[in-house]
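*Asks:* show me how the following folds:
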Amino acid sequence: MSERPTHAGSAEPEYELSSPLDTDPLGLFEGIPAEDRDYAARARTFVEGEVLPVIDDYWDRAEFPAHLARRLGELDLLREGSDVAGFPPMSKLAAGLVSLEINRGDGSLGAFIGVQGGLALRSIAAFGSAGQKERWLEPLARATEFGAFALTEPAHGSDSVALESTATATTAGGAAGGTPGYLLNGEKKWIGNGSLGGLTIVWARTADGAVRGFLVDQAAPGYTATVIEQKASLRAIWQTHIVLHDVFVPAEALLPGATSFRETARSIQATRLSVSWAALGHATACYEAAVHYAAQRVQFGRPLGASQIVQERLARMLSELATIQLYCFQATALDARGALTATQASLAKYTSTRTARAIASNARDLLGGNGILLKHSVARHLADLESLHTYEGTETIQALLIGRSITGLSAFA
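*Replies:* The predicted structure is shown next:
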């Protein structure tokens, strides 16, 4: 077979855009403790060696890479700072650095960590009984079991406090000698990991109006989870529409420490900081791809980086990246001291995701037509940031929370 002839002007180099540059304009990464640096290095090695070579295909086919999710557990990269018996300490900073590195590789795996470790595992660690912790924390941390967090409903996204799913006290097998528990009814939407055959924490309203959390086996009769298709973002994680029809759970499935929506909100607030670090990961990948491309792409007889307008763009992107870094490091320092407020968490999420979107959009444009190719990653990060910008509270919700703290007046409808 003859090779395709090469003609003058038709040859284009293979661009290498994913090599990390360790961009640190303000020296924020210089003083990181060795044990935290070890977590980040382990995450980066995993991304470089196992994620980047295959993730474009999984994203393109909208398939969940279960083996990569399990590897996160094997490498102890799932806990998001939660203490689990038998595991070494993991600081808030280490958790943030892991989120940065994993999302720098792929947002779907980053979202998996947010669901598995940030919502499911953390909720049981914070609100579970001793028996629930013993049963679930280690399997979730090691990813030998998958976990989901079912709060959002088809008609209640931003106003999740108004959820309509119900938990009705009952006795299975009849009142005499039966098993006391609850019947769960309702629907949930956009629930990551909800169809993987593991555990779902379902938030539902009891007869007294309180919002409580229940541990539900995904194989339970009456639990149906349908994967949401035709997504244009986070395509390598399966999010589901769940229908609960008279799903019986025993009384011991109730999370005893979560007695109102206040505890549910605590779980979400904690995750907002990890979302900020995730946004930093996406932004870092896009900025560094743009820097590499500006050096390697030749137009008009010189590298793109020799053009004034390109240098101005890169300078703007670096300024924006430094802004996200500052928010992440400062908010994490506050969180480690137990001093992070809900408003500060909202401000970090609000600023980080909207700024990351700007960086990704600029990088996509700078790469020209090559910017829409999956193999160059920027388009995938740009698309995934749309989900990141939305979940754990949209930009509008964060703005209303911040605005309420400024004015003392609630503008929620």
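*Asks:* could you use CA atoms for every contact and neighbour count after this?
*Replies:* Fine.
*Asks:* quick check: longest helix of the chain.
*Replies:* Longest helix of the chain, by residue count under DSSP state H: helix 261-296.
*Asks:* now that helix: buried residues?
*Replies:* Neighbour-count burial for helix 261-296 flags 261, 263-264, 267-294, 296 (criterion: 16 or more other C-alpha atoms under 10 Å).
*Asks:* could you do stretch 224-241 as well?
*Replies:* By 16+ other C-alpha under 10 Å, the buried positions in stretch 224-241 come out as 224-225, 227-228, 233-241.
*Asks:* then stretch 89-99?
*Replies:* 90, 91, 92, 93, 94, 95, 96, 97, 98, 99.
*Asks:* mind telling me what element the residue lying closest to residue 279 once chain neighbours are set aside is part of?
*Replies:* Leaving out its chain neighbours, the residue that sits closest to residue 279 by C-alpha to C-alpha, 6 or more residues apart in numbering is residue 353, at 5.4 Å. Using DSSP states H and E, residue 353 sits within helix 342-366.
*Asks:* show me how far that helix is from its chain's centre.
*Replies:* Relative to the centre of its chain, helix 342-366 is centred 14 Å away, using C-alpha atoms, centre = their mean, to the nearest Å.
*Asks:* got the angle for that helix vs helix 261-296?
*Replies:* 30 degrees (axes from the mean of the first three to the mean of the last three C-alpha atoms, to 10 degrees).
*Asks:* what helices or strands is helix 342-366 leaning on?
*Replies:* In terms of contacts (3 or more C-alpha pairs under 8 Å, 6 or more residues apart in numbering; DSSP states H and E), helix 342-366 is packed against helix 261-296, helix 308-336, helix 378-390, helix 395-407.
*Asks:* what mean pLDDT does the third one have?
*Replies:* Right, the one you point to is helix 378-390. Across helix 378-390, pLDDT averages out at 95.
*Asks:* tell me the buried residues in it?
*Replies:* Under 16+ other C-alpha under 10 Å, the buried positions of helix 378-390 are 378, 379, 380, 381, 382, 383, 384, 385, 386, 387, 388, 389.
*Asks:* what helices or strands is that helix leaning on?
*Replies:* Packing contacts for helix 378-390, counted by 3+ C-alpha pairs under 8 Å, 6+ apart, involve helix 107-113, helix 261-296, helix 342-366.
*Asks:* for the first one, give me every contacting residue.
*Replies:* The reference is to helix 107-113. Outside helix 107-113, the residues that touch it by C-alpha atoms under 8 Å, 6 or more residues apart in numbering are 68-69, 77-80, 99, 102-103, 192-193, 234-237, 278, 282, 381, 384-385.
*Asks:* keep only those of the residues you listed that are in strands.
*Replies:* Cross-referencing these against strands under DSSP state E gives residue 192.
*Asks:* chain neighbours aside, what residue packs nearest to residue 386?
*Replies:* residue 233 (6.9 Å).
*Asks:* typed the wrong thing, it's residue 36
*Replies:* residue 94 (4.6 Å).
*Asks:* could you measure that neighbour against residue 331, distance?
*Replies:* Going from residue 94 to residue 331 by C-alpha to C-alpha, to the nearest Å gives 13 Å.
*Asks:* do the same with residue 116
*Replies:* Here the distance between residue 116 and residue 331 works out to 22 Å (C-alpha to C-alpha).
*Asks:* show me which of the two is the more surrounded one.
*Replies:* Each of residue 116 and residue 331 had its neighbours counted (other C-alpha atoms under 10 Å), and the higher figure belongs to residue 116 (27 against 21).
*Asks:* residues touching the closest residue to the more buried one other than its chain neighbours, list them.
*Replies:* Distance criterion C-alpha to C-alpha, 6+ apart; nearest residue to residue 116, sequence neighbours excluded, is residue 147 at 5.3 Å. Residue 147 makes contacts with 115, 116, 120, 121, 140, 193, 194, 198, 199, 200, 201, as judged by C-alpha under 8 Å, 6+ apart.
*Asks:* what do you get for residue 350?
*Replies:* By C-alpha under 8 Å, 6+ apart, the neighbours of residue 350 are 389, 395, 398, 399.
*Asks:* ok, residue 334 next?
*Replies:* Residues in contact with residue 334 (C-alpha under 8 Å, 6+ apart) are residue 340.
*Asks:* re earlier: can you say which of the helices and strands packed on helix 378-390 is nearest to residue 35?
*Replies:* Nearest of the helices and strands packed on helix 378-390 to residue 35, taken as C-alpha to C-alpha: helix 261-296 at 18.3 Å.
*Asks:* ok so, going back, immediately after the longest helix of the chain, which helix or strand?
*Replies:* The helix or strand immediately downstream of helix 261-296 is strand 298-299, counting by DSSP H and E.
*Asks:* what are the pairing partners of that following strand, and which direction each?
*Replies:* Strand 298-299 has the following strand partners under DSSP bridges: strand 302-303 (antiparallel).
*Asks:* touching the partner strand from outside, list them.
*Replies:* Contacts of strand 302-303 (C-alpha under 8 Å, 6+ apart): 294, 295, 296, 297.
*Asks:* a strand runs through residue 204, doesn't it?
*Replies:* Yes - residue state for residue 204 (DSSP: H, G, I helix; E, B strand; the rest coil) corresponds to a strand.
*Asks:* was I right about it contacting residue 213?
*Replies:* Yes - counting by C-alpha atoms under 8 Å, residue 213 is a contact partner of residue 204 at 6.6 Å.
*Asks:* neighbour count winner among these two?
*Replies:* Applying other C-alpha under 10 Å to residue 204 and residue 213 shows that residue 213 carries more neighbours, namely 32 against 24.
*Asks:* if we can go back for a sec, now do the contacts for the residue nearest to residue 386.
*Replies:* Applying C-alpha under 8 Å, 6+ apart to residue 233 gives the contacts 380, 383, 384, 385, 386, 387.
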